[in-house]
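Chemist: Quick one, what's the 3D model for this:
(2 chains)
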Amino acid sequence: MSGAEPLSGPLGGLRILELADETGQFCGKLLGDLGADVIKIEPPGGEPSRHVGPFLDDIPHAERSLSFWYYNTSKRGITLSLETVDGRQLFQRLAATADVILETFRPGFLAALGLDYESLQEQNRRLIMCALTPFGQTGPWRDYLSSDLLHMAAGGQMASCGYDEADLPNAPPIAPGGGNAWHMGCHFAYIAIMAALVHRTVTGQGQYIDASIHEACALTTEAAIANYIYRGEVLRRQTGRHHAVGPTPRTQFRAKDGAYVCALVAGRLNPKYVRELADLLDSYGMDGDLKDPKYQDPEVIAASTSHIIDDLVTNFIASLPSEEVYHAAQERGFTWGAVRAPEALLDDPHLNDRGFWKEVEHPELGRSFVFPGEAAIFSGSPWGISRRAPLIGEHNTAIFCDELGLSHAELSVLAENRVI
Amino acid sequence: MFRPRALENIRVVDFSWVRAGPWATRWLGALGAEIIKIEWPDNERGRLPSTTTPQDVEVNLNTSGNFNDTNVNKKSLSLNVRTAKGLEIVKRLIALSDLVIENFSSRVLEKWGLGYEEMRKIKPDIVYVSMSGYGHTGRHHHYTTFGPVAQAVSGLTYISGLPDKPPAGWGWSYMDDTGGMYGAMCALTGLYHRNMTSRGQHIDLSQMVSSVPLNGPALLDFTVNGRGLRRPGYPPGNRAHWPSTPLLNNHRGPTVAPHNAYRTHPGEYNDWCVIVCYSDEEWQALVQVMGAPSWATSPKFATVLGRLQHQEALDEHIEGWTMTLGKYELTERCQAAGVRALPVQSAEDRVERDPQLRHREMYLEMEHPALGRHKVQNAPFKLSETPASNHLPSPLIGQHTREIVEGLLGYSHEELRSGFVDGTFWPANRARFPYMEEMLR
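Modeler: Now for the predicted structure:
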């Protein structure tokens, strides 16, 4: 392959304009990491999401937000005020050549500036525009304020996550961390944009997409909705495992190192499973009475579920480090896993085999940093980070002067007037 | 009104089962692709004795409510792929298709003689998306996952819960839902690339690996600053920060208080709301909504650092107020004043009480031949020209076998009948459903 042109990502050749805050920037990252030329348009001075921590070396600064770094890889960045006439005219020129606009403004904001889809599409019938907002463009909640936590509440995540009464009486419903409401919205927005792009390859016609984070979250609780619709049931929260109508046997066991192991045993206990479980436990001398032939009788197994789970499996896992249980079980065909903190993933050889971790250069700092990579390996057009997040206005000259033909003098005037 | 669909004329050979894969193809179907689900009785656990069969309906392969919601917009071909005749039929189908998608363990399709190299001989520009637990490459490719195991191993379980308690994790298979998203995302990306270049490819998606990037900022805090999440005060429950622990960003947005869940009237299991104030102005607005009680006007709560420092007292006071209101009334009052608040909603709340989801027609009824009329979940996006829609109920097992085998692939009716006798289309010793007898007339 030496000397050959490097393969471009599957979205190579696409131009995306991203006007997105913390709610939509992950969608732009996905498009960018998959090869599109994503131009992030920030207000003069930079997006507020640049002020979300943690920061490099704990020094707060708009160019040092690790959250911003992560969610804005593979993008170029320009600054532009849409609230100025000059800014709107420049934006319209960019929109005339764009494939996709991704925007997360409050409903009606762009329309009030004359930048609604109908107006923009007049110069570019291929244009696809995706508005990703907390509740969509219509409806009684459309102007409600939100946050990641708020979405996890109304979307149903919290109603499903929490603790057994035995672990914590009267526990609150729990929202998992990490900004996953934004992830859910961005995954569906990406799907909608790609569907519109595939359609456009056939018809040449763009379209408008009204995507809702609340709806994306409300769709993401597996069978909770089906349980209600088909049986009228409302599910209860259980520590570290599936919601259910009533209490279910536990699936999280504390290992010798204090970390937990996720071992789904209940519901799988048949004679074959018990034989294999006995072999696994026996390889550490921890099988107790599990090799007794009586455990080949399904009725005895059913009557012994608590003994098997609460004594044998619990003691086995408590005797070993969590990683050892995980690998010993998986090598024998058990679908078990260690409950790891994210930082433990850096030592996972499987991820290294897949080339998952990526060195991303920050030339202005003279340093490079390790970033998590991509979910899938594309055999014909690679998915991967192409560059670090843009600095504020980093590509103003490249876009406004080299592409749109503004002089450097004009660019200076625009900067002085807070247009860029 | 006729509306064209985004994926008109795209045909998908769908070997997927249980949740993640079927959840992916469900959306491709809603967008207009023809999804041909290849099944064999007892292999698709998503159909098996189900906790979501209505109480008054017989439990069988066609009566799982959750299967119905997960498999709308598809056709079903019952086929034993592990017979020479079955394999031959699948190959003829792949030759007429655009996409193959499956979520088996890493070597299953290859063992059937259907690896990517074989597929591209049949259809050079085929897009093949494999959705295995750990991917097709890497030393642990043979490991297996369910959603909860992918979540545990990738670090997603760990980020949920209260400090000094076991992880609360995710109360469902988040990575089956989200794994399905990645399956659909990869499929569409591969199709777009094929339409632009005429080249197919194999996309090797891993459920476990796709979970890892969802912890991006936490991972960067470790690789850049050397700070992990095994630390006091993490995970901070529903708060941005746990009181009396080191003041660090916990990767759920800005570090602020209030940022928590609070009990509401009348105090039943799901009577909770959440309130977040991102600024002093939003806090002052909340103070006004609460009626400016004297505790709330204390200077110690006037600043973000003060609210974080006195968070226990702050939350206790706020809950004293939230307990006096129902969660929907509280939401309306807060939002009218510019305060971020929403109710914790159960499935029942979402289907029956959420005015926004009702307005957006999130749950529309659909008739299913074995289950009757029920609400089905709709797409969370509206495409102006090619809207996604649920246009077919989930298929009865093997419901479309004749249509596909005779109509699409051109086999004779006699060949269909002999396939039902020799175990190609249905186990020879297993009772057939009435619609199968109908099909064989």
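Chemist: since we're on A:Thr335, how many residues are nearby?
Modeler: Counted with other CB atoms under 10 Å in any protein chain shown, the neighbours of A:Thr335 add up to 18. C-beta coordinates here come from the backbone N, C-alpha and C atoms, glycine included.
Chemist: so it sits right up against B:Ala150, yeah?
Modeler: No. Between A:Thr335 and B:Ala150 there is no contact under CB atoms under 8 Å: 9.8 Å.
Chemist: show me where the stretch 51-200 of chain B has helices.
Modeler: Secondary structure of the stretch 51-200 of chain B (DSSP state H, counting those that start in this stretch): helices located at B:65-70, B:84-95, B:108-111, B:116-122, B:147-154, B:174-197.
Chemist: Isn't A:Leu404 up against A:Gln92?
Modeler: No. Counting by CB under 8 Å, A:Leu404 sits too far from A:Gln92 to count as a contact (11.0 Å).
Chemist: Neighbour count: the two, which is higher?
Modeler: Ranked by neighbour count (other CB under 10 Å), A:Leu404 and A:Gln92 place A:Gln92 first, with 16 against 13.
Chemist: residues contacting that one?
Modeler: A:Leu115, A:Leu120, A:Gln123 (CB atoms under 8 Å, 6 or more residues apart in numbering or on different chains).
Chemist: Next secondary structure after the one helix or strand it maps to?
Modeler: Element membership for A:Gln92 (DSSP states H and E) is helix A:85-97. Counting by DSSP H and E, the next helix or strand C-terminal to helix A:85-97 is strand A:100-103.
Chemist: can you pull out the strands in the stretch 101-250 of chain A?
Modeler: Listed in chain order, the strands of the stretch 101-250 of chain A (DSSP state E, counting those that start in this stretch) span A:128-133, A:161-162, A:208-212, A:236-239, A:241-244.
Chemist: Which SSE is immediately downstream of the last one?
Modeler: Proceeding N to C from strand A:241-244, the next assigned helix or strand is strand A:252-254, under DSSP H and E.
Chemist: Could you see whether chain B lies near that next one?
Modeler: Yes. Interface with chain B: strand A:252-254 contributes A:Gln252, A:Arg254 (CB under 8 Å from any CB of the partner chain).
Chemist: could I have the helix or strand just after that strand exported to CSV, CA atoms only?
Modeler: Next helix or strand after strand A:252-254 toward the C-terminus (DSSP H and E): strand A:260-263. Output of strand A:260-263 as CSV, limited to C-alpha atoms (Å, rounded to 0.1, in the frame of the first residue of the first chain):
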residue,chain,number,x,y,z
TYR,A,260,-17.8,-5.8,41.1
VAL,A,261,-18.5,-8.5,38.5
CYS,A,262,-21.7,-8.6,36.4
ALA,A,263,-22.7,-12.3,36.3
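Chemist: distance between strand A:260-263 and the chain's centre?
Modeler: Relative to its parent chain, strand A:260-263 has a centroid offset of 23 Å by CA atoms, centre = their mean, to the nearest Å.
Chemist: helices or strands up against that strand?
Modeler: Applying 3 or more CB pairs under 8 Å, 6 or more residues apart in numbering or on different chains; DSSP states H and E, we find strand A:260-263 packed against strand A:252-254, helix A:322-331, strand A:336-339, helix B:147-154.
Chemist: Looking from chain A, tell me which residue of the stretch 251-400 of chain B is nearest.
Modeler: Sorted by distance to chain A under CB to the nearest CB, the residues of the stretch 251-400 of chain B start with B:Pro380, at 3.3 Å.
Chemist: quick one: that residue and A:Thr220, what's the gap?
Modeler: B:Pro380 sits 9 Å away from A:Thr220, going by CB to CB, to the nearest Å.
Chemist: now B:Gly180
Modeler: In terms of CB to CB, B:Gly180 sits 10 Å off from A:Thr220.
Chemist: Just give the nearest non-adjacent residue to the residue positioned nearest the centre of chain B, would you?
Modeler: Nearest residue to the geometric centre of chain B (CA atoms, centre = their mean): B:Asp177, 2.0 Å. Among residues not flanking B:Asp177 along the chain, A:Thr220 sits closest, at 4.7 Å (CB to CB, 6 or more residues apart in numbering or on different chains).
Chemist: Read off the pLDDT value for that neighbour.
Modeler: At A:Thr220, the pLDDT value in this model is 98.
Chemist: And for A:Glu5?
Modeler: Value for A:Glu5, per-residue pLDDT: 61.
Chemist: Dump the helices and strands packed on strand A:260-263 to JSON lines, plus mean pLDDT and mean neighbour count.
Modeler: Below are the helices and strands packed on strand A:260-263 laid out as JSON lines (pLDDT from 0 to 100; neighbours: other CB atoms under 10 Å in any protein chain shown):
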{"stretch": "strand A:252-254", "mean pLDDT": "98", "mean neighbour count": "20"}
{"stretch": "helix A:322-331", "mean pLDDT": "98", "mean neighbour count": "21"}
{"stretch": "strand A:336-339", "mean pLDDT": "98", "mean neighbour count": "29"}
{"stretch": "helix B:147-154", "mean pLDDT": "98", "mean neighbour count": "30"}
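Chemist: Dump these to JSON lines, plus distance to A:Ile301.
Modeler: Converted to JSON lines, the helices and strands packed on strand A:260-263 look like this (distance: least, CB to CB, whole Å):
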{"stretch": "strand A:252-254", "distance to A:Ile301": "19"}
{"stretch": "helix A:322-331", "distance to A:Ile301": "19"}
{"stretch": "strand A:336-339", "distance to A:Ile301": "19"}
{"stretch": "helix B:147-154", "distance to A:Ile301": "22"}
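Chemist: Which among those is found nearest to A:Leu30?
Modeler: Among these, the nearest to A:Leu30 by CB to CB is helix B:147-154 (17.6 Å).
Chemist: which other helices and strands contact that closest one?
Modeler: Using 3+ CB pairs under 8 Å, 6+ apart, helix B:147-154 sits against strand A:260-263, strand A:336-339, helix B:174-197, helix B:207-211.
Chemist: List of residues touching the least confident helix or strand in chain B by mean pLDDT?
Modeler: Least confident element among the helices and strands of chain B, by mean pLDDT, DSSP states H and E: helix B:108-111 (a mean of 94). Helix B:108-111 has contacts (CB under 8 Å, 6+ apart) with B:Phe15, B:Glu102, B:Gly115, B:Ser130.
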